[in-house]
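**Student:** no sequence on this one, just coordinates:
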């Protein structure tokens, strides 16, 4: 048996036996520090094999480098938030750094509250060995970045853990010690960071203590309580969606050149979420037109992978009337949103995030009716039919919002649950939006109904014709991360450093974040009744319209209603006809500025295939 095989077996015995006695790794305790990601780059950057030449790049470094995982320590919004959190609770920010800049935490810089307090290698964020040296410890609960790092040297180095095993004589065997460990492929490992709890005790709606700490985010717990965590046909791990499986993967650059691939296949290290706008900002700061620390190619690749995934998170179905009389108004419009992910939609850090339904009905260039219309700046928070999906947290005693470490009460949580989410106080919706189903699970669908009053001021553009007038109805599911109000809060509230003003400047220069379009439907509905002329003959029998992907067109066989999706966007990027990233409306209105919670923030996806 080869030396590498012996080393691997020895590492399994040593590391897995030590895991039972492991504990979260604390600063300055590693005998063998984390190897900088830059040292992994040379071997783990390679092209696809010929059979996959046209597929997305699957070399680990190519996918990881442009992701928010690799840029978690560069994220300027993070550092602006940390400065304010430090003002609120100076001792409470270490867990923030522990997750976003693990190298800094492990080397004793966990008290940093500004990016300029880090070392250059710290900027690699959640890097290679943090995951590939992570050990399972059943005694440590998920969350708050309580990772345990293998520190047992085997044959000259600490083994890297992964899904592969090598048999004696494999030409593609790793040149370093290794351990085949299912832990790295588990959702529980992702839960190490993707559940976050603060030191505040959670209060109920009357201000009474609930006996549990405040769960700032529960992405892993949401998955754990859903059908996605149950073995069977519906099972999906975090990796199944955020690290898509691929075949014929070389382990390293030399293997790729030799045409040697691993028979078990591998996973692309896409590691993308929904923060598309931040990737674009980071590309401008650190990419080819900035400091050139990270090639723009990596950010571009991450954006492409993100757009693919965002097209899988939600399905939207619209039921619209077959005909509309303008004087009678528009009624019978129903929009049903289905969450296809394995967590709430949206999930994660709630401050400033929001998903909502936008309904805009136009006759020519005239907006006849609308709800949730995004004008390039905001939507109208006073809209009585506005239908949002968000989580709003506050400090109960003061009503203060946006303060991560002060929050102790959920005012509302209308985010859409994943399929089969079990009843649990940690992940239950807050408010009366959803009703438990017969099996004591929360629904993963939600229907909004719209009724608009009649109009008698719409002028017929073609009075000589009687059958050529249509109401162009566009319905979109939009998702915003980092609202203007939240970014302004980061600047106005920071009394510690200039991180908030820096973020505000970046956002202003880029025109602020624009929402991502998760789903869209366009429907042409025949209209009559111009000028308020009474005509009670239009009955408006409802017709169900299935969701269509952008760029496609279908005709409802029951009434001939055109349900073509927006042909301007086949990638799921949210580009509208004007080429902008934020689906700006063609008839802008005066921006409606309101309290932050009414114009929040988010990021996620569209149709089947994501946890």
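**Tutor:** Structure received. Note that the structure is a prediction, hence the values are computed from the model and not measured.
**Student:** what residues does stretch 486-493 touch?
**Tutor:** 77, 80-81, 84, 87, 351-352, 402, 499-501, 503-504, 507, 512-513, 596, 600-601 (Cβ atoms under 8 Å, 6 or more residues apart in numbering). C-beta here means a position set from N, CA and C on the backbone, and glycine is covered the same way.
**Student:** Same check on stretch 445-465?
**Tutor:** So stretch 445-465 is contacted by 325-331, 333-339, 357, 359, 361, 363-364, 366, 368-369, 371, 385, 387, 389, 416, 433-434, 468-469, 529-532 (Cβ under 8 Å, 6+ apart).
**Student:** Quick one: end-to-end length of it, please.
**Tutor:** End-to-end span of stretch 445-465 (Cα to Cα, to the nearest Å): 42 Å.
**Student:** ok, now stretch 314-331?
**Tutor:** End-to-end distance (Cα to Cα), stretch 314-331: 24 Å.
**Student:** mind listing what's buried in it?
**Tutor:** 314-318, 320-328, 330 (16 or more other Cβ atoms under 10 Å).
**Student:** how many neighbours does residue 463 have?
**Tutor:** Taking other Cβ atoms under 10 Å as the criterion, the count of residues near residue 463 is 10.
**Student:** Quick check: phi and psi at it.
**Tutor:** Phi and psi for residue 463, reported as degrees, to the nearest 10, are phi -60, psi -20.
**Student:** do residue 62 as well
**Tutor:** Dihedral angles for residue 62 - degrees, to the nearest 10 - are phi -60, psi -40.
**Student:** quick thing: my sequence starts at 57, can you match it?
**Tutor:** With 57 as the first residue, the last one maps to residue 118.
**Student:** Quick one: neighbours of it, just the number.
**Tutor:** 23.
**Student:** ok, back up a step: among the contacts of stretch 501-521, name the buried ones.
**Tutor:** Among those, the ones that count as buried by 16+ other Cβ under 10 Å are 381-384, 386, 389, 391-395, 413, 415, 417, 419, 424-425, 427, 441, 443, 445, 472, 489-490, 525, 585-586.
**Student:** Which of the buried residues of stretch 370-387 fall within strands?
**Tutor:** 370, 371, 372, 373, 374, 376, 377, 380, 381, 386 (DSSP state E).
**Student:** Report the rounded mean pLDDT for the helix or strand hosting residue 353.
**Tutor:** For residue 353, the host element (DSSP states H and E) is helix 352-366. The average pLDDT within helix 352-366 is 97.
**Student:** and if you look at stretch 192-212?
**Tutor:** Averaged across stretch 192-212, pLDDT comes to 93.
**Student:** so how far is it from its chain's centroid?
**Tutor:** Centroid displacement of stretch 192-212 relative to its chain, using Cα atoms, centre = their mean, to the nearest Å, is 26 Å.
**Student:** buried stuff in it?
**Tutor:** Within stretch 192-212, the residues that count as buried by 16+ other Cβ under 10 Å are 192-193, 196, 198-208, 210.
**Student:** Same check on stretch 546-558?
**Tutor:** Quick answer for stretch 546-558 (16+ other Cβ under 10 Å): 546, 547, 549, 550, 552, 553, 555, 556, 558.
**Student:** now stretch 314-326
**Tutor:** 316, 317, 318, 322, 323, 324, 325, 326.
**Student:** Can you pull the phi/psi pair for the last one?
**Tutor:** Per-residue torsions, residue 326: phi -60, psi -50 (degrees, to the nearest 10).
**Student:** State the number of residues packed around the nearest residue to it once chain neighbours are set aside.
**Tutor:** What sits nearest to residue 326 in space, not counting adjacent residues and going by Cβ to Cβ, 6 or more residues apart in numbering, is residue 361, at 4.2 Å. Neighbour count for residue 361, taken as other Cβ under 10 Å: 22.
**Student:** likewise residue 214?
**Tutor:** With other Cβ under 10 Å as criterion, residue 214 counts 25.
**Student:** ok so, going back, between the buried residues of stretch 314-326, which is closest to residue 581?
**Tutor:** Nearest to residue 581, judged by Cβ to Cβ, of the buried residues of stretch 314-326 is residue 326 at 39.4 Å.
**Student:** Wait, that closest one touches residue 118, no?
**Tutor:** No - using Cβ atoms under 8 Å as the test, residue 326 is too far from residue 118 to be in contact (9.7 Å).
**Student:** if we can go back for a sec, between the buried residues of stretch 314-326, which is closest to residue 287?
**Tutor:** Using Cβ to Cβ, those come closest to residue 287 at residue 323, 19.4 Å.
**Student:** List the ones among the contacts of stretch 501-521 that fall in strands.
**Tutor:** Among those, the members falling in strands (DSSP E) are 381, 386-387, 389-395, 413, 415, 417, 419, 422, 424-425, 427, 445.
**Student:** Can you tell me what sits against stretch 85-93?
**Tutor:** Around stretch 85-93, the neighbours that count as contacts under Cβ under 8 Å, 6+ apart are 117, 120, 126, 158-159, 162-163, 177, 180, 183-186, 189, 205, 207, 209, 213-214.
**Student:** Just the buried ones from the contacts of stretch 542-549, in PyMOL syntax?
**Tutor:** Filtering these down to the buried ones (16+ other Cβ under 10 Å) takes a single PyMOL command:
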select buried, resi 133+136+137+140+143+407+408+458+555+556+559+560+563+568+569+652+656+657
